[in-house]
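**Q** Sequence and predicted structure below; questions after.
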Amino acid sequence: SAWILLFLSCDLFSKEMIFLSGDSLSSMNKRMELEYRFFKSADASEKVKYKIEIAKCFEAESKFNSALDEIDSAINYVSMQKLFPKELVYESYYQRAFCLFMTDSFTTADSTIKKLISMFPDSIYSSRFALLSVLILNHLEKISDSKKLFTETSLHNHIDTTGVGNAYAKVASVTYKSVKKTICLARYLPGAGFFYINKPDEGFVSASLNLALLGYTTYSIYTGYYITAILTGLRDFMLFHGGGVRASATKAKQYNEDVKEKTMKELDGFCLKKLVE
């Protein structure tokens with residue numbers, strides 16, 4: 001998330017965002033000064049401006065939940081009075097969408113973006129707004145909507161769209177492992193679930209141990225140690241086998257998450273590079 005924050009918060013996207021820096025101590029000092037000014041000010045517009053700037057200081061410290069609290073406070077001021085500069089209203093809602101995105105609240109961020117578009121329809125093609133919208137749509141897996149907005153924004157801003165088709169085609173061509181199939185394989189053929197999700201080492205260990213326990217159980221029965229076969233061999237086999245099934249399912253889910261994260265990171269990087277050229 002750090003590289004997304006770096007570009008979304010730079011001057012290229014907003015001349016107002018002058019308080020973001022890598023120095024968290026400097027940001028903290030600036031925030032304290034702004035909080036003092038906020039409490040001293042009697043003007044509602046100034047209070048909103050200070051709240052937004054305090055939120056940006058929290059963003060610089062990677063405290064996005066705290067930043068969101070400040071932005072919500074600013075929006076409360078905006079909602080109570082109608083005569084506010086449009087720039088402050090826009091920045092309040094934009095920062096809210098940004099903070100929601102950074103806290104992985106993608107659905108709520110998308111709702112905020114839609115509200116912002118309804119209030120400021122002309123803002124849709126601004127680079128920073130379009131970039132944030134595209135990133136949110138990517139993480140909501142609304143790939144067709146993201147591609148459409150990205151292409152329209154690029155064309156509107158005279159940005160070369162070379163590679164757009166390939167970037168989005170890669171996302172569409174990504175295949176995920178079926179968790180249900182993983183469980184079935186692991187249940188009926190110990191270790192097969194791990195092999196299916198490209199974990200051959202774990203699959204080999206699981207298959208070997210399961211076979212060893214089955215072999216021990218069979219040998220105990222063959223030699224007449226029936227109680228030992230049931231209480232030790234068979235019981236341990238069932239416990240280990242059940243654990244293997246659950247572990248393979250968990251690994252399959254993690255595999256899919258890793259693939260999704262890598263794919264989204266590549267797509268986000270492509271969009272980011274294009275829209276900040």
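**A** Sure thing, it's come through. Numbering: from 1, shown residues only.

**Q** pretty sure residue 186 contacts residue 197?
**A** No. The pair formed by residue 186 and residue 197 falls short of the contact definition of Cβ atoms under 8 Å, at 9.7 Å. C-beta: built from backbone N, CA, C; applies to glycine.

**Q** Spell out which residues are contacts of both of these two.
**A** Common neighbours of residue 186 and residue 197, using Cβ atoms under 8 Å, 6 or more residues apart in numbering, are residue 248.

**Q** So which of these two has more stuff around it?
**A** Between residue 186 and residue 197, counted using other Cβ atoms under 10 Å, the more crowded position is residue 186 (28 against 24).

**Q** Could you report the neighbour count for the nearest residue to the more buried one once chain neighbours are set aside?
**A** Once flanking residues are discounted, residue 186 sits nearest to residue 193: 3.0 Å by Cβ to Cβ, 6 or more residues apart in numbering. Burial of residue 193, expressed as a neighbour count using other Cβ under 10 Å, amounts to 29.

**Q** For residue 250, see how far away residue 193 is.
**A** Shown here: residue 193 relative to residue 250, a distance of 10 Å by Cβ to Cβ, to the nearest Å.

**Q** again, but for residue 93
**A** The separation that residue 93 has from residue 250, given Cβ to Cβ, amounts to 39 Å.

**Q** The two: who's more crowded?
**A** When neighbours are counted by other Cβ under 10 Å, residue 93 comes out ahead of the other of residue 93 and residue 250, with 22 against 12.

**Q** Could you list every helix and strand in contact with the helix or strand encompassing residue 273?
**A** In the assignment (DSSP states H and E), residue 273 maps to helix 235-275. Under the contact definition 3 or more Cβ pairs under 8 Å, 6 or more residues apart in numbering; DSSP states H and E, helix 235-275 sits against helix 2-8, helix 127-139, helix 143-156, helix 164-173, helix 179-188, helix 192-196, helix 200-222.

**Q** want to throw the ones you listed into CSV with distance to residue 71 and mean pLDDT?
**A** Putting those into CSV (distance: least, Cβ to Cβ, whole Å; pLDDT from 0 to 100) gives the following:
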stretch, distance to residue 71, mean pLDDT
helix 2-8, 14, 51
helix 127-139, 14, 91
helix 143-156, 23, 92
helix 164-173, 30, 90
helix 179-188, 38, 90
helix 192-196, 45, 89
helix 200-222, 45, 79
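
**Q** Mind putting those helices into CSV with distance to residue 83?
**A** Converted to CSV, the helices and strands packed on helix 235-275 look like this (distance: least, Cβ to Cβ, whole Å):
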stretch, distance to residue 83
helix 2-8, 29
helix 127-139, 24
helix 143-156, 31
helix 164-173, 42
helix 179-188, 55
helix 192-196, 62
helix 200-222, 64
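
**Q** Of all those, which one comes closest to residue 262?
**A** Within the helices and strands packed on helix 235-275, the stretch nearest residue 262 is helix 164-173; the backing value is 10.5 Å (Cβ to Cβ).

**Q** so how far is that closest one from its chain's centroid?
**A** 19 Å (Cα atoms, centre = their mean, to the nearest Å).

**Q** what does it contact?
**A** So helix 164-173 is in contact with 143, 146-147, 150-151, 154, 263-264, 266-267, 270-271, 274, going by Cβ under 8 Å, 6+ apart.

**Q** From those, keep the buried residues only.
**A** Buried members of these, counted by 16 or more other Cβ atoms under 10 Å: 143, 146, 147, 150, 154, 263, 264, 267, 270, 271, 274.

**Q** Could you identify the most distant pair in those?
**A** 154 and 263 (20.5 Å).

**Q** Would you agree residue 112 is in contact with residue 98?
**A** No. The criterion here is Cβ under 8 Å, and residue 112 misses it with residue 98 at 9.1 Å.

**Q** circling back to that earlier point, just the closest of the buried ones among the contacts of helix 164-173 to residue 181, please.
**A** Nearest to residue 181 among those is residue 263, at 20.5 Å by Cβ to Cβ.

**Q** Return the distance of that closest one relative to residue 269.
**A** In this view, residue 263 and residue 269 are 11 Å apart by Cβ to Cβ.
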